[in-house]
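> fold the following and give me the result.
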Amino acid sequence: MTRFFILFALIAENLCSQISKEHLKDFKVISDMMDSAKKITSLRYKMKSMERIENGWNIANTQIKLQINPRKSYLLNTENKIEVLYNSTESVTKCLVKSNTFPYVSLNLDPRGNLIRKNQHFTILELGYDFTVRTIAVALSKEKDQIIKHLTLLGKVEKNNAHCIMLIYENLNFTYHDYVVQPKETVTSIASKFVVNDYMVRTKNKLYNEYGYLKVGSVIKIPSFYCKKGIFYIDEKTMLPISVSIFDEVGLFESYDYYEVELNKNIPDKEFKKDFKDYKF
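Numbers count the residues shown, from 1 in each chain. Now for the predicted structure:
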């Protein structure tokens, strides 16, 4: 995530002299949000997510604990009772997963592998505000001085029991372009290369289950920007988003609502261990 803050800082420096007075407050809301996200050391929160998948929608309510550095995270899907634990001090490449289906055992899985990523837009490595930071940084990096034309500050509203600032990003130039797959490229590596939404690439090209190397020379569609439209509700108190909705050319693509957010309160190390008393691993 650090590279996105560096990218944002560089772009912000170039843009400041170009921003008109009427758009200055729009840009300040974003810069304040980015600054707040950068100061996060730990998080506890509940999240409701809606993600468009191959055969409909994946709707989940989760409880999340997150320590930024070193990276440690715990996720509990409260309906399905699925638990996921990641502790980079114990393993960088594996996370512990407890499913509620047969054979009812805990498995050490690659957080970026197909078993854990199927029907998921993001991985446990991307919990927190990472995807929001990425979305905004990408929009800024690709549009430079044009970004301000696509931002609208709608003022103060109530959302998720908080006083919020509502900000909308919309780019009518959103489209897709052809890309010829090169040797040893995956959907994820290509999405990273263009800094676009991994699952949006999968959706457009019907590559829902392709987690290995793609066929060299095949042509896939890549989105020109991270999204066509984004709606952000930013908590006035924390200057962090508590609701984010991302749209593609079809409509709503994913949305995330945060509740009961606790910022920078120490989380005991024992809560990132599989034998913690509240866990079922």
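> give me the neighbour count for residue 193.
12 (other C-beta atoms under 10 Å). C-beta coordinates here come from the backbone N, C-alpha and C atoms, glycine included.
> so it is in which element?
With secondary structure defined by DSSP states H and E, residue 193 is part of helix 187-194.
> and the helix or strand that that helix is followed by with helix 187-194, angle?
Following helix 187-194 in sequence order, the next helix or strand is helix 198-205 (DSSP H and E). Angle, helix 198-205 to helix 187-194, by axes from the mean of the first three to the mean of the last three C-alpha atoms, to 10 degrees: 110 degrees.
> how about the following helix or strand past helix 198-205: buried residues?
Remark: after helix 198-205, the chain's next helix or strand is strand 219-223, criterion DSSP H and E. For strand 219-223, burial by neighbour count (16 or more other C-beta atoms under 10 Å) applies to 220, 222, 223.
> which one of the residues you listed sits closest to residue 197?
Distance to residue 197 across these (C-beta to C-beta) is lowest for residue 223, with 6.9 Å.
> do I have it right that the closest one meets residue 250?
No: the criterion here is C-beta atoms under 8 Å, and residue 223 misses it with residue 250 at 11.9 Å.
> least confident secondary structure element in this protein?
Scoring the helices and strands of the chain by mean pLDDT, DSSP states H and E places helix 2-15 at the bottom, with a mean of 44.
> need phi/psi at the nearest residue to residue 113 once chain neighbours are set aside.
The spatial neighbour of residue 113 that comes closest, neighbours along the chain excluded (C-beta to C-beta, 6 or more residues apart in numbering), is residue 211 at 6.6 Å. Dihedral pair for residue 211: phi -110, psi 0, per degrees, to the nearest 10.
> need the strands for the stretch 51-200 of the chain, in chain order.
Taking DSSP state E, counting those that start in this stretch as the criterion, the stretch 51-200 of the chain contains strands spanning 56-67, 72-77, 82-87, 95-98, 106-109, 151-159, 162-170, 176-180.
> contacting residues for the residue nearest to residue 113?
When contacts are counted by C-beta atoms under 8 Å, 6 or more residues apart in numbering, residue 211 touches 112, 113, 114, 117, 186, 187, 188.
> which members of those define the maximum pairwise distance?
Among the contacts of residue 211, 113 and 187 lie farthest apart (C-beta to C-beta), at 13.0 Å.
> between the two, who's got more neighbours?
Applying other C-beta under 10 Å to residue 113 and residue 187 shows that residue 187 carries more neighbours, namely 21 against 14.
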